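# Kindly generate the corresponding structure for this input.
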Amino acid sequence: MTSIAVIVGSIREGSFNRALGEVAAASLEAQGASVTRVDLAAFDLPLYSAAREANDFPSDALKLKALFTAQDGLLFVSPEYNGSLTPLLKNAIDWASRPTGDESMVALTAYRGKVAAIMSASISPFGGLRGLMHLRQILSTIQMLVIPEQVLVPNAHAAFAEDGSLKEALPASLVEMTAGRLIAVAKALSA
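Sure, this is the predicted structure:
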């Protein structure tokens, strides 16, 4: 079974991106994937620094890296902060990218050769597009294959029904399509 982690770059109560992450996780599961929901609030990740890495690599960073490494694919859902991704998500990506043990500086074991998908929900009419452009660039830099499909949910404050589903058919169908492509590419890469 294909394993996919859903990582949401927001820990805010009532986060639209957490709601979108849950819609995506449910779609992945409905299409046969084994899903791990990653709550970044559960990881004690100090702001990345080379000194901290050299002297006291955080145990939670090792746990997060191991979790990412064990997956066939990663789905990132992030709000847009000032035209980019959240510092919370960037910091988590950075810690999991660092070499551990006898790995080389460019091992990137949590990411290299894996597939990623990206999504965003925003109260703006652009749905977090600028933030996803930065996220796509970062993930490509750490050697992930980021599928071309992506999900943008504009006007997120009005996009979700009481039960957490998306009200509009278009974004809901894009979530399904993106989840399906993520699974298909993850299967092909792990074959």
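# so residue 99 sits right up against residue 107, yeah?
Yes. Residue 99 is in contact with residue 107 according to C-beta atoms under 8 Å; the separation is 5.0 Å. Where C-beta positions appear, they are placed from N, C-alpha and C, glycine not excepted.
# State which strand of this protein is the longest.
Looking across the chain with DSSP state E, the single longest strand is strand 145-153.
# can you give me the angle the very next helix or strand once past that one makes with strand 145-153?
As assigned by DSSP states H and E, the chain's next helix or strand after strand 145-153 is helix 169-190. Relative orientation of helix 169-190 versus strand 145-153 (axes from the mean of the first three to the mean of the last three C-alpha atoms, to 10 degrees): 170 degrees.
# After the lowest-mean-pLDDT helix or strand in the chain, which helix or strand is next?
Lowest mean confidence among the helices and strands of the chain (mean pLDDT, DSSP states H and E): helix 50-55, at a mean of 93. Where DSSP H and E defines the elements, the next helix or strand beyond helix 50-55 is helix 59-69.
# tell me the pLDDT at the most centrally placed residue in the chain?
With distances taken as C-alpha atoms, centre = their mean, residue 76 lies nearest the centre of the chain, 1.6 Å away. On the pLDDT scale, residue 76 is placed at 98.
# tell me the SS of it?
State at residue 76, reduced to three classes by DSSP: H, G, I helix; E, B strand; the rest coil: strand.
# Distance-wise, check the spatially most distant residue from the centre of the chain relative to residue 11.
Relative to the centre of the chain, and counting by C-alpha atoms, centre = their mean, the farthest-placed residue is residue 55 at 28.0 Å. Separation of residue 55 from residue 11 (C-beta to C-beta, to the nearest Å): 27 Å.
# Using the three-state scheme, assign residue 120.
Assignment for residue 120 (three-state DSSP): strand.
# so what's it bridging to?
With DSSP bridges applied, residue 120 shows beta-bridge pairing to residue 152.
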